[in-house]
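Trainee: using only what follows, build the 3D model:
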Amino acid sequence: MTMRIRKVAVLGAGVMGSGIAAHLANSGVRALLLDIVPPKAAPGEDTASKAFRNKFTLGALANLRKQKPSPITTEQALGALEIGNLEDDIGRIAECDWVIEVVKEDLAVKQALFAKVEQHARKDAIISSNTSGLSIKGMLEGRGPEFRKRFLVTHFFNPVRYMKLLELVAGPETSPEVMKTIHQFGEEVLGKGVVYGKDTTNFIANRIGTYGMMRVLADMQKAELTIEEVDKIFGPAMGRPKSAVFRTADIVGLDTFSHVAKNCYDTLAHDEEREVFAAPDFLKKMVEKGMLGDKTGGGFYKKDKASGGKDILALDLKTFEYRPQGKVRYESLGAAKDVEDVRERVATVMRGQDKAAKFAERVTLDTLAYASRRIPEIADDVVNVDGAMRWGFGWDLGPFETWDAFGVKQGVERMKELGLKPAAWVEEMLAAGRTSFYGVENGKDTYWDIPSKSVKTVPQSPRTQRVEYLKRGNKKISGNDSATLWDMGDGVTLLEFHSKMNSIDDGIIEMMNTALDETEKNFRGLVVGNDGGNFSAGANIFSMLWAAKAGEFETLRKMAGALQAANQRMRYSPVPVVTAPFNLTLGGGAEVALGGNAIQASSELYMGLVEVGVGLIPGGGGTMMFLRNVMGAYAADKDFDPFPFIKKVFLTIGTAKVGTSAEEAREMGFLTAADGISANRDFLLSDAKQRVIGMANAGFRAPRPTRFRLPGPSGYATIDMMLYDMELNGQVSAHDRKIAQKLARVITGGDTSPSVLLSEERVLELELEAFLSLAGEEKTQDRLQYMLEKGKPLRN
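Mentor: Residues are numbered from 1 along each chain as shown. Sure, this is the predicted structure:
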């Protein structure tokens, strides 16, 4: 049986500790954040006051509110966070099921704290350290057998809310129940990707990640490459984040990065590649000069003051001066640019013949060979290593997945030509007839298990669901170029979008109707979701602009009208429809998400009706559906003044507000109190399916259409008066005002009066009329064009 964790104490309120406490609070878990009493007081400070004694935790709390990107999913989350200090409040850790230590990386400090924790914690409480460098053996010195049984390392990555990785490391006496409890809690409640490391310096991700980065630093000058060239090579082209190598170092801080590398150098005397961890002269010089990256305003990159911070300068490692970045052009990177499949893209770069490709191949193969030699030292298998690099460093492919993409046999041959040494077990695997680290058997992911020299199934939670699994099981029902309908089993279908950026087009709308035809006839319910990078970034702007410029307004009317109709059909279908939005869910994507009977959202959801950015208002039903959500049960109630509801809808759509988490989207009115949130994106489709089954089992009945009591011209005049003032004061342009007027007319109900109840259909007609008239405006067409070309809104 795993233990239920209700309250957690976090000891240490620095960036990491406060980030962990904030994420516990995000997840609905009560957290107690403690830090030391300040060692000295400023003149006039009352050292006996709570304000002084809790100064560090109060400061951490203030920082959580200010930090960007925000470590909290909503301001309300902080209600679950209590603060105190390690002298007055250490006894309160007895209220907690789990105590996490996050104080500075100093063995004596940690040992002294654990002695106190042992005194005050409950006898069944789990105790963990967030260390990334110190040994469990050292930290446990002097602790009793019960404490040792309940102790482990839980290494979170910063920023905690956004980095999915949680590395777990057991001590020699840690009980399996403790490991199981934290694994389950980390995965299901905190939404983390859990990997198991060994008690070695920097565990898995920092060991491999730091090696890879130090290898780049060591080899780039020999290869005569600049900072910006290296970042272009080791960015998205190689399936890595945009921040690549040097930008990542600037974000982390060069002092922190150097400390991690030095820790490897100092403690890994047995590592055959120990010298790679020695900092190159230029890195030492930068740290000495205080050029630490973002925290000091300049590291490898720096904002150009002359351009008002618009231009980013790069450091010239020869002269140590900042200079404008050069254009990076290589044939191999060009060839990879439009390759969607990341495995193919990486292989395309590594097989190129130019300088960039040769550098990418050499450094990557070196890192892969190193990773292979670290098993079983840092982890038992390829699955844990790959998971650590994907979730901790944001790689699209872990080292062994990258090797599979390049070809294992080919990789081994090239390594030998380059004088690199893969681990013996890789050649043993090839000799046994297995040609890749990963495979698929009976629809399940498999991997090569090194100790048993056999193929095993990749372990994962039964709640993990992906479209990929349905593909393998030949579960396709119907499809076109933009969307596919799958059979999820248990009487549930899944409508998957797969157009470019999952933008809503004719193909998707057609499949929405096909999905409903099929589900209503043969199934119990429908889920709308996908495995892409984003749920849907909106409608297809290109086709909208083309139709508007060509004066094809009938085509536009048909497309917007068809999306309205499909969304309405989902809402009032006799079978339950659950939409499963995540990441970018904008414009038309938000409209589809609002169209179901319930939403099961990923906690990382960026949802908004942002059409004003391209000079339009929502045209697929978004205005009416959002109004319906916000007014809720009071839409027709004559005892309620509709204006506060209308104002909220007007400001949200009119300023293109985007909720930056599912919690925030709920506060804004995109999600209702009854909608669900999944902490772990891997579980989203499975959770949505369970919700559909639950609704069907509970005797689902489609809701009654809403009727709206709206103010009509008087409400419109109130809004327009505000717009008139804003235009007069230069806050909005004439065209901004025109768009806002159209929106105001829709949400106030056009030519109506509060004594009339308007149907959803009437509000949809008003929306479509406003949408089409704006599409005909030249200034709107300019905004559409600008968004297509520059990827950002034009203010005209």
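
Trainee: my guess is Thr446 meets Val458, correct?
Mentor: Yes: with contact defined as Cβ atoms under 8 Å, Thr446 reaches Val458; the gap is 6.5 Å. Placement of C-beta: from N, CA and C, glycine included.

Trainee: anything in contact with each of those two?
Mentor: Common contacts of Thr446 and Val458 (Cβ atoms under 8 Å, 6 or more residues apart in numbering): Tyr438.

Trainee: mind giving me the domain ranges of the chain?
Mentor: Here the domain assignment for the chain is 7-196, 205-453, 468-780, based on automatic domain parsing.

Trainee: could you dump those into JSON lines with mean pLDDT added?
Mentor: Shown next, in JSON lines, are the domains of the chain (pLDDT from 0 to 100):
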{"stretch": "domain 7-196", "mean pLDDT": "97"}
{"stretch": "domain 205-453", "mean pLDDT": "96"}
{"stretch": "domain 468-780", "mean pLDDT": "97"}
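
Trainee: out of these, flag the one nearest Lys790.
Mentor: Within the domains of the chain, the stretch nearest Lys790 is domain 468-780; the backing value is 11.7 Å (Cβ to Cβ).

Trainee: got the end-to-end distance for the closest one?
Mentor: The straight-line separation of the ends of domain 468-780 (Cα to Cα, to the nearest Å) is 39 Å.

Trainee: now do stretch 396-412
Mentor: End residues of stretch 396-412 are separated by 22 Å (Cα to Cα).

Trainee: which residues sit against that stretch?
Mentor: Counting by Cβ under 8 Å, 6+ apart, 208, 239-240, 342-344, 346-347, 350-351, 364-365, 367-368, 371-372, 382, 385-390, 395, 422, 426-427, 429-430, 435-438 sit against stretch 396-412.

Trainee: likewise for stretch 679-688?
Mentor: With contacts defined as Cβ under 8 Å, 6+ apart, stretch 679-688 is touched by 27, 187-193, 460-467, 488, 494, 527, 529, 578-580, 582, 600-604, 676, 678.

Trainee: out of the domains of the chain, flag the one nearest Lys792.
Mentor: Taking Cβ to Cβ, domain 468-780 is the member of the domains of the chain nearest to Lys792, at 8.4 Å.

Trainee: tell me which element Ala112 is part of?
Mentor: Take DSSP states H and E as the rule and Ala112 turns out to sit in helix 107-120.

Trainee: list of residues touching that helix?
Mentor: By Cβ under 8 Å, 6+ apart, the surrounding residues in contact with helix 107-120 are 11, 86, 90-91, 93-94, 99, 101, 103, 127, 129, 131, 134, 138-144, 147.

Trainee: distance between that helix and the chain's centre?
Mentor: Distance of helix 107-120 from the chain centroid (Cα atoms, centre = their mean, to the nearest Å) equals 35 Å.

Trainee: what about Gly699, neighbour count?
Mentor: Counted with other Cβ atoms under 10 Å, the neighbours of Gly699 add up to 6.

Trainee: secondary structure class for it?
Mentor: coil (DSSP: H, G, I helix; E, B strand; the rest coil).

Trainee: give me phi/psi at it?
Mentor: Note on Gly699: backbone dihedrals following degrees, to the nearest 10 are phi 80, psi 60.

Trainee: so how far is Gly489 from it?
Mentor: According to Cβ to Cβ, to the nearest Å, Gly699 and Gly489 sit 21 Å apart.

Trainee: residues in contact with Glu173?
Mentor: Contact analysis of Glu173 by Cβ under 8 Å, 6+ apart lists Pro145, Arg148, Lys149, Phe151.

Trainee: buried ones in stretch 694-712?
Mentor: Neighbour-count burial for stretch 694-712 flags Met695, Ala696, Phe700, Thr706, Phe708, Arg709, Leu710, Pro711, Gly712 (criterion: 16 or more other Cβ atoms under 10 Å).

Trainee: then stretch 453-472?
Mentor: For stretch 453-472, burial by neighbour count (16+ other Cβ under 10 Å) applies to Val458, Arg463, Thr464, Gln465, Val467, Tyr469, Leu470.

Trainee: report the distance from it to the chain centre.
Mentor: Taking Cα atoms, centre = their mean, the mean C-alpha location of stretch 453-472 is offset from the chain mean by 22 Å.

Trainee: where exactly do the helices run in the stretch 451-600 of the chain?
Mentor: All helices of the stretch 451-600 of the chain, identified by DSSP state H, counting those that start in this stretch, fall at 467-472, 506-522, 541-549, 553-571, 588-595.

Trainee: need the winner for burial among the ones you listed.
Mentor: Among the helices of the stretch 451-600 of the chain, helix 588-595 has the highest mean neighbour count (mean count of other Cβ atoms under 10 Å), at a mean of 29.

Trainee: quick check: angle from that helix to helix 553-571?
Mentor: Helix 588-595 and helix 553-571 are oriented at 30 degrees to each other (axes from the mean of the first three to the mean of the last three Cα atoms, to 10 degrees).

Trainee: what's in contact with helix 588-595?
Mentor: Outside helix 588-595, the residues that touch it by Cβ under 8 Å, 6+ apart are 502-504, 508, 512, 528, 534-539, 563, 566-568, 570-571, 577, 579, 581, 585, 599, 601, 607-609, 618, 620-622, 625-626, 629, 670.

Trainee: how about a markdown table for the domains of the chain, with distance to Lys792 added?
Mentor: As requested, these are exported to a markdown table (distance: least, Cβ to Cβ, whole Å):
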| stretch | distance to Lys792 |
| --- | --- |
| domain 7-196 | 19 |
| domain 205-453 | 13 |
| domain 468-780 | 8 |
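
Trainee: the stretch 601-750 of the chain: strands as residue ranges?
Mentor: Assigned by DSSP state E, counting those that start in this stretch, the strands in the stretch 601-750 of the chain fall at 605-608, 676-678, 707-708.

Trainee: where along the stretch 201-350 of the chain do the helices fall?
Mentor: With helices called from DSSP H, counting those that start in this stretch, the stretch 201-350 of the chain shows them at 205-220, 227-233, 246-252, 254-267, 281-288, 331-336, 342-350.

Trainee: can the ones you listed go into a markdown table with extra columns for distance to Ala21 and mean neighbour count?
Mentor: A markdown table is the format used below for the helices of the stretch 201-350 of the chain (distance: least, Cβ to Cβ, whole Å; neighbours: other Cβ atoms under 10 Å):
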| stretch | distance to Ala21 | mean neighbour count |
| --- | --- | --- |
| helix 205-220 | 22 | 22 |
| helix 227-233 | 33 | 23 |
| helix 246-252 | 21 | 22 |
| helix 254-267 | 20 | 18 |
| helix 281-288 | 30 | 15 |
| helix 331-336 | 41 | 19 |
| helix 342-350 | 35 | 20 |
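
Trainee: filter the contacts of Glu173 to the buried ones?
Mentor: Neighbour counting with 16+ other Cβ under 10 Å marks Arg148, Phe151 as buried within these.

Trainee: save the contacts of Glu173 as JSON lines, and put in distance to Gln731 too.
Mentor: As requested, these are exported to JSON lines (distance: Cβ to Cβ, whole Å):
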{"residue": "Pro145", "distance to Gln731": "68"}
{"residue": "Arg148", "distance to Gln731": "64"}
{"residue": "Lys149", "distance to Gln731": "63"}
{"residue": "Phe151", "distance to Gln731": "58"}
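
Trainee: among the contacts of Glu173, which one lies nearest to Leu292?
Mentor: Nearest to Leu292, judged by Cβ to Cβ, of these is Phe151 at 33.6 Å.

Trainee: pretty sure that closest one sits against Ile127.
Mentor: Yes: Phe151 lies in contact with Ile127 (Cβ under 8 Å); the separation is 5.0 Å.

Trainee: returning to what we had before: which of the buried residues of stretch 453-472 sits closest to Ser661?
Mentor: Closest to Ser661, out of all of the buried residues of stretch 453-472 and judged by Cβ to Cβ, is Arg463, at 20.8 Å.

Trainee: once you drop chain neighbours, what's closest to the closest one?
Mentor: Sequence neighbours aside, Phe683 is the residue nearest to Arg463 in space, at 4.2 Å (criterion: Cβ to Cβ, 6 or more residues apart in numbering).

Trainee: same check, this time on Thr464
Mentor: In space, and not counting its chain neighbours, Thr464 is closest to Asp682: 4.7 Å by Cβ to Cβ, 6+ apart.
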